[in-house]
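**Q** following is a predicted model, sequence given first.
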Amino acid sequence: MASQKHPFDLLISMQQQSIQNAKGLPQQVETHSLWSGIGFRIGDITMVAPLTQVNEILHYPKLTLVPGTQSWIKGLANIRGTLLPVMDLQAYLGQPPMHLSALSRVLIIQQGELNSGLLVDEVMGLRHFEPDNRVTRIRKMDTGTKAYIRGAFEQDGRTWHLFDVSSLSQNPQFYKVAV
């Protein structure tokens, strides 16, 4: 008759076997967070807006012109039952008005209860940047545009200027749409 082990001894034996047969822990990889934003272009300047500051991206919608408004106001669009003022961002920044193309898009931003659309030349998609890609030097540009730039990122040989939509929407000039 075989001798029976005490249950506690069996548990110790099982633990030792488990330790001997256990594989190593998975390699621990150091992670860091990426900065994410929506890439877009105005003229020859590539920009990126914080992902949290852009609600939606639309193709250029059908607009109703609004008389007596600034030249950078393109008109009002009816987007799912909500009236959306659409502004030519390039013209607002003091540059010549944009020429519409198949690549033109409207970035929907929100300021409090009010949504607005910013017409840009092209949306270049979701962009992710390593913190090490942040640079302080930015290209020479007009003061109207530079007022909304908060640094830049370098990636794949291209400079992505960080456009602060929040400061744009807080500027009282942005609301002075009447001529």
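**A** Right, received. Where do you want to start? Numbering: from 1, shown residues only.
**Q** helix or strand for the residue positioned nearest the centre of the chain, which one?
**A** For the chain, the residue sitting closest to the mean C-alpha position, by Cα atoms, centre = their mean, is Gly37 at 2.3 Å. If you go by DSSP states H and E, Gly37 is part of strand 35-42.
**Q** for Gln16, same thing?
**A** helix 7-21.
**Q** then Arg150?
**A** Element membership for Arg150, per DSSP H and E: strand 149-155.
**Q** tell me the buried residues in that strand?
**A** Of the residues in strand 149-155, Ile149, Ala152, Phe153, Gln155 count as buried by neighbour count, 16 or more other Cβ atoms under 10 Å. Any C-beta I mention is one placed from the backbone N, CA and C, and that applies to glycine too.
**Q** grab the nearest non-local neighbour of the first one.
**A** Counting by Cβ to Cβ, 6 or more residues apart in numbering, Ile149 lies nearest to His161, which is 5.0 Å off, once chain neighbours are set aside.
**Q** now do that neighbour, the pLDDT please.
**A** On pLDDT, His161 comes in at 96.
**Q** again with Met14
**A** pLDDT, Met14: 82.
**Q** how close does it sit to Gly81?
**A** 66 Å (Cβ to Cβ, to the nearest Å).
**Q** cool, Gln15 as well?
**A** To Gly81, Gln15 is 65 Å away according to Cβ to Cβ.
**Q** those two: which is more packed in?
**A** Comparing Gln15 with Gly81 by other Cβ atoms under 10 Å, the one with more neighbours is Gln15, at 10 against 5.
**Q** ok, the more buried one to Asp88 distance?
**A** From Gln15 to Asp88 the distance is 71 Å (Cβ to Cβ).
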